[in-house]
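Novice: quick one, what's the 3D model for this:
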Amino acid sequence: MRAQAALCFRCMPSPKARQFAFHLILAGYQYISCSQRRHAVRAYTAALEIYSNKGWTHIEDHVHFTLGRNCAALGRVELAITFFLRLLRHSRQPQEHAARTHACRCVPLIAAGPADCH
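Specialist: Reported below is the predicted structural model:
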């Protein structure tokens, strides 16, 4: 339902890109709750296209981490690493703090393998 709502914002006579992306994030969250990680990755990836390079670093951090975690859970480790590296590169936190914080969250997800990523 959320993904359909997102499409409504995209197809309006004057498209509302932020509303579209916001509803895609909500849809992705619901997909994760229902163990539909592939759909979640699709929704978050579409939202990332809207949020990228807008200066909304907290949102980008959240999306990159969520994509990395879900790609790791799906066994797509190389793609997960790509998203985690983007998270480290673009984080709003001071670089040393971001590296320490995000590495503590990202490395165990990749090392755990697909079955253990929740």
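Novice: which one in the chain is furthest away from the centre?
Specialist: Distance from the centre of the chain peaks at Pro13, with 27.8 Å (C-alpha atoms, centre = their mean).
Novice: separation between it and Leu74?
Specialist: Distance, Pro13 to Leu74, by C-beta to C-beta, to the nearest Å: 37 Å. For every residue, glycine as well, the C-beta is placed using N, CA and C.
Novice: helix, strand or coil for the residue farthest from the centre of the chain?
Specialist: Following DSSP: H, G, I helix; E, B strand; the rest coil, we place Pro13 in the coil state.
Novice: do Gly75 as well
Specialist: Following three-state DSSP, Gly75 is assigned to coil.
Novice: how much space separates it from Ala47?
Specialist: Distance of Gly75 to Ala47, given as C-beta to C-beta: 22 Å.
Novice: give me the buried positions along stretch 34-47.
Specialist: The neighbour-count check on stretch 34-47 (16 or more other C-beta atoms under 10 Å) flags Arg37, His39, Ala40, Val41, Arg42, Ala43, Tyr44, Thr45, Ala46, Ala47 as buried.
Novice: what about those, which are in strands?
Specialist: Secondary structure from DSSP state E places none of these in strands.
Novice: between those, which is nearest Arg2?
Specialist: Within the buried residues of stretch 34-47, proximity to Arg2 (C-beta to C-beta) peaks at Ala43, which comes in at 8.1 Å.
Novice: what about the residue nearest the centre of the chain, which helix or strand?
Specialist: Per C-alpha atoms, centre = their mean, the C-alpha nearest to the average position across the chain is that of Val63, at 2.7 Å. Here Val63, judged by DSSP states H and E, is contained in helix 57-73.
Novice: for Arg18, give its distance to Leu24.
Specialist: Going from Arg18 to Leu24 by C-beta to C-beta gives 11 Å.
Novice: give me the common contacts of the two.
Specialist: Ile50 (C-beta atoms under 8 Å, 6 or more residues apart in numbering).
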